[in-house]
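1. sequence isn't available, so here's the structure alone:
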């Protein structure tokens, strides 16, 4: 259970990073590090019924890979000197996480939606745990 909790914590943290990365890429604000706080507030809440078994399976596989990438780059981030070095490492980590999610067969938006929904929906969390 501890491994699963750590996995979801890392995956959801990373999902937030992925969302931030995508938002920065779209609006060109990556250099400023600013994000639109209204973006998260407008997202509709999803539940277990909104996702197929295949999507939940893909999420579980992607979350494990994202967690691994997050742990690897977390160590590098802690050792980085200077804000630019940290931003470069974070951008590289985000790219790797996006790649891992897409390699699992799902898009980042769906991955983020499932991760956010799992925080609110115990039934969805249980389905994801069964896949691990």
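-> Nice, I can see it. Just so it is clear, the model here is predicted, and its values are computed rather than measured.
2. residue 119: helix or strand, and which one exactly?
-> helix 108-120 (DSSP states H and E).
3. so which elements touch that helix?
-> helix 2-27, helix 53-79, helix 83-103, helix 122-131 (3 or more Cβ pairs under 8 Å, 6 or more residues apart in numbering; DSSP states H and E). Placement of C-beta: from N, CA and C, glycine included.
4. helix or strand for residue 81, which one?
-> Using DSSP H and E, no helix or strand contains residue 81.
5. how many residues are close by it?
-> 7 (other Cβ atoms under 10 Å).
6. how about the contacts made by it?
-> For residue 81, the contact set (Cβ atoms under 8 Å, 6 or more residues apart in numbering) is empty.
7. number the chain from 409, please
-> Fine by me, first position is 409 from now on; the one you just mentioned is residue 489.
8. that one and residue 480: what is the separation?
-> For residue 489, the distance to residue 480 equals 18 Å [Cβ to Cβ, to the nearest Å].
9. so where's this protein uncertain?
-> 409-453, 455-456 (pLDDT under 70).
10. can you report phi and psi for residue 514?
-> Note on residue 514: its backbone torsions stand at phi -120, psi 160 [degrees, to the nearest 10].
11. before we move on, back to that, list the buried residues in the helix holding residue 527.
-> 516, 518, 519, 520, 521, 522, 523, 524, 525, 526 (16 or more other Cβ atoms under 10 Å).
12. the second one and residue 467: what is the separation?
-> From residue 518 across to residue 467, the span is 8 Å (Cβ to Cβ).
13. same deal with the fifth one?
-> Taking Cβ to Cβ as the criterion, residue 521 is separated from residue 467 by 9 Å.
14. residues that sit against both of the two, list them.
-> residue 459.
15. need the contact list for residue 485.
-> Applying Cβ under 8 Å, 6+ apart, the residues contacting residue 485 are 494, 497, 498, 501.
16. help me confirm that the third one comes into contact with residue 484.
-> No. Shown here, residue 498 and residue 484 do not form a contact pair, counting by Cβ atoms under 8 Å, at 9.5 Å.
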